[in-house]
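Participant: Pasting the sequence and the predicted model now:
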Amino acid sequence: MRPLKAIILIGGRQKGTRFRPLSLELPKPLFPVAGFPMIYHHIEACSKVPGLREILLIGNYQPSESIRQFINNTQREFKIQVRYLQEYTGLGTAGGIYHFRDQILAGNPEAFFVLNGDICGDLPLAEMYSFHVERSDGSQMTLLGAEATMQESLNYGCLVENAATHHVVHYVEKPSTFVSTKINCGAYICSPAILRDIAAVRRHHQDENFSGVNGDGSLRSIESISLERDVFPELASLDKLLVFYTEGFWSQIKSPGSTLYANRHYLKLYHKTHPNRLVKNGDGQATIIGDVYIHPTAEVHPSATIGPNVSIAQGVTVSPGVRIRESIILDNATLQDHCCILYSIVGWNSVVGPWSRVEGTPCDPNPNKPFAKLQSMPLFNNAGKLNPSITILGSDVQVPGEVIVLNSIVLPHKDLAGSFRNQIIL
Ligand code: GTP
């Protein structure tokens, strides 16, 4: 049987800007959600697909120690080959795939998945593959689709489908007017022949001496090809794009706020996939409310109250009387006596002083919605004021005792002198 492969598009330094200041310390795809790096969840999902032998991470980050370590750990844990292929510059969501086509086609794979690194969810990869095998004639690509509201749909790739055959007949990326409530989730399974279609788009760019514009308005070169803007409309016109729908949990992770949303839903998913990762209440231990992940090396005082929807990373110290809910606490942070952390991300090695309160505002309107397409709110509103947001403490931030930090973003290495509200502290 021919093997399957997967590609995870991880972008690069120029991407993930909405994820600052957290992406200043670590490539965004490695940011931990529910205790594990964002793309660890992708690799785990891929490892469950029978016959999937190799995962290629394509991006343009410099190969750092954190990337190397991540690859070593996941290879060891999932017994699957994981390799990082570095683009010389951002080549777009299809450009990198084309550039590394030889590595993708090595070993003659039957098909390959392509997953955006910044999505999260209960990805039904095996089901997608079965659907693809059943429906595709070997020259096609199947995308994972979902249903959005009319309003939400404008932020995504929208598609119109032939409901009888599941062919996508029309595709528009982030349309300016309403097209359809059916959206692209950023997960695909491709027959190798798709590389020929990408090559055709590339030739077309060259013939036209193409100089297009990216979604963010910046110019892009001939080498840069977008799956969503250049390839899908073409595939739709050739009947080479199919859609498979999911109703499971799915979202994008664009902003730190959407990380808390993803955290909550991955923790919920652990009931089904990894109940052992969720902490249970027990004698002489902290009071746990709802879903909580605590790394085994974290020290949590029995008088603390934690949850729901909290992830605590390695080396964290949680002192007596601390209260944490709806938050992510990163490696080696120290939460001193009786501090309170709500809707916040506390950065690596940061310290929150005794009796202080670090609090954000949840930015997802319906926390119980099992399936939501959460858009990141712009940082500032039309009046130039900071929109309500979760609070983020970058790495090595010192919050003194008895202060309040509310709806604020604190850049790394700050030693706060007092309370702050609705501010970006540079
Ligand atoms: P934004 O709203 O601008 O973020 O657009 P989007 O949601 O359509 O996402 P985009 O197409 O920019 O990125 C989708 C995924 O592809 C993300 O995981 C990115 O990190 C990744 N990606 C985007 N551009 C590149 C690129 O040039 N090279 C690689 N390897 N990955 C990329």
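Facilitator: Now that the structure is in, tell me what you want to look at. Numbering: from 1, shown residues only.

Participant: what's the neighbour count on Ser130?
Facilitator: By other CB atoms under 10 Å, the residues close to Ser130 number 13. (Each C-beta comes from the backbone N, C-alpha and C, glycine too.)

Participant: With His42 instead?
Facilitator: Number of residues near His42 (other CB under 10 Å) recorded here: 27.

Participant: where does it fall, helix, sheet strand or coil?
Facilitator: Under the three-state scheme (DSSP: H, G, I helix; E, B strand; the rest coil), His42 adopts helix.

Participant: For it, give me its contacts.
Facilitator: Shown in contact with His42 (CB atoms under 8 Å, 6 or more residues apart in numbering): 6, 8, 115, 117, 123.

Participant: which one of these sits closest to the ligand?
Facilitator: Gly117 (3.8 Å; CB to the nearest ligand atom).

Participant: re the thing from before, what about the ligand: which of the contacts of His42 touch it?
Facilitator: Among these, the ones lying near the ligand by CB under 6 Å from any ligand atom are Gly117.

Participant: Which members of the contacts of His42 occur in helices, if any?
Facilitator: Within the contacts of His42, no residue falls in helices by DSSP state H.

Participant: from the contacts of His42, which two are the most distant?
Facilitator: Farthest apart among the contacts of His42 by CB to CB are Gly117 and Leu123. That separation is 12.5 Å.

Participant: show me the contacts for the residue of the chain found nearest the ligand.
Facilitator: Nearest to the ligand, among the residues of the chain, is Gly11, at 2.4 Å (CB to the nearest ligand atom). Gly11 makes contact with 28-29, 59-60, 90, 117-118 under the criterion CB under 8 Å, 6+ apart.

Participant: hmm, 7 Å instead?
Facilitator: 59, 117 (CB atoms under 7 Å, 6 or more residues apart in numbering).

Participant: That one pairs with what?
Facilitator: For Gly11, the residues forming beta bridges with it (DSSP bridges) are Gly59.

Participant: Endpoint to endpoint, stretch 300-315 covers what distance?
Facilitator: Start and end residues of stretch 300-315 are separated by 10 Å (CA to CA, to the nearest Å).

Participant: Likewise for stretch 93-112?
Facilitator: In stretch 93-112, first residue to last residue: 15 Å (CA to CA).

Participant: cool, and stretch 95-113?
Facilitator: Stretch 95-113 stretches 16 Å from its first residue to its last (CA to CA).

Participant: what's the answer for stretch 171-179, then?
Facilitator: For stretch 171-179, the end-to-end distance is 9 Å (CA to CA).

Participant: Need the contacts of His42 in JSON lines (columns: distance to Phe178 and neighbour count).
Facilitator: What follows is those, written out as JSON lines (distance: CB to CB, whole Å; neighbours: other CB atoms under 10 Å):
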{"residue": "Ala6", "distance to Phe178": "33", "neighbour count": "27"}
{"residue": "Ile8", "distance to Phe178": "31", "neighbour count": "23"}
{"residue": "Leu115", "distance to Phe178": "27", "neighbour count": "25"}
{"residue": "Gly117", "distance to Phe178": "28", "neighbour count": "25"}
{"residue": "Leu123", "distance to Phe178": "27", "neighbour count": "26"}
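
Participant: which of the contacts of His42 lies closest to Gln252?
Facilitator: Gly117 (10.5 Å).

Participant: Mind putting the contacts of His42 into a markdown table with pLDDT and distance to Tyr84?
Facilitator: Output for those, formatted as a markdown table (pLDDT from 0 to 100; distance: CB to CB, whole Å):
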| residue | pLDDT | distance to Tyr84 |
| --- | --- | --- |
| Ala6 | 98 | 13 |
| Ile8 | 98 | 10 |
| Leu115 | 98 | 15 |
| Gly117 | 97 | 12 |
| Leu123 | 96 | 21 |
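
Participant: Pro21: what's it in contact with?
Facilitator: Going by CB under 7 Å, 6+ apart, Pro21 touches 392, 394, 409, 411-412.

Participant: how near is it to Leu330?
Facilitator: Per CB to CB, to the nearest Å, Pro21 is found 12 Å from Leu330.

Participant: Now do the strand or helix carrying Tyr188, average pLDDT.
Facilitator: Following DSSP states H and E, one finds Tyr188 within strand 182-190. Averaged over strand 182-190, pLDDT sits at 97.

Participant: Stretch 129-149 too?
Facilitator: In this model, stretch 129-149 has a mean pLDDT of 92.

Participant: any idea how far that stretch is from the chain center?
Facilitator: Distance of stretch 129-149 from the chain centroid (CA atoms, centre = their mean, to the nearest Å) equals 21 Å.

Participant: start to end distance for it?
Facilitator: Stretch 129-149 has an end-to-end distance of 27 Å (criterion: CA to CA).

Participant: Stretch 324-344 now?
Facilitator: In stretch 324-344, first residue to last residue: 9 Å (CA to CA).

Participant: Skipping adjacent residues, who's closest to Gln398 in space?
Facilitator: Residue nearest to Gln398 in three dimensions, not counting chain neighbours: Asp415, with 4.5 Å by CB to CB, 6 or more residues apart in numbering.

Participant: That neighbour touches Asp396, doesn't it?
Facilitator: No: taking contacts as CB atoms under 7 Å, Asp415 lies outside contact range of Asp396: 9.1 Å.

Participant: higher neighbour count, these two?
Facilitator: Counted by other CB under 10 Å, Asp415 and Asp396 do not tie: Asp396 has more neighbours, with 17 against 10.

Participant: Kindly provide the distance from that one to Gly360.
Facilitator: Distance from Asp396 to Gly360, counting by CB to CB: 19 Å.

Participant: repeat for Thr273
Facilitator: Distance of Thr273 to Gly360, given as CB to CB: 28 Å.

Participant: Who has more neighbours out of these two?
Facilitator: Taking other CB under 10 Å, Thr273 and Gly360 do not tie; Gly360 has more neighbours (25 against 14).

Participant: Thanks again, I'm all set now.
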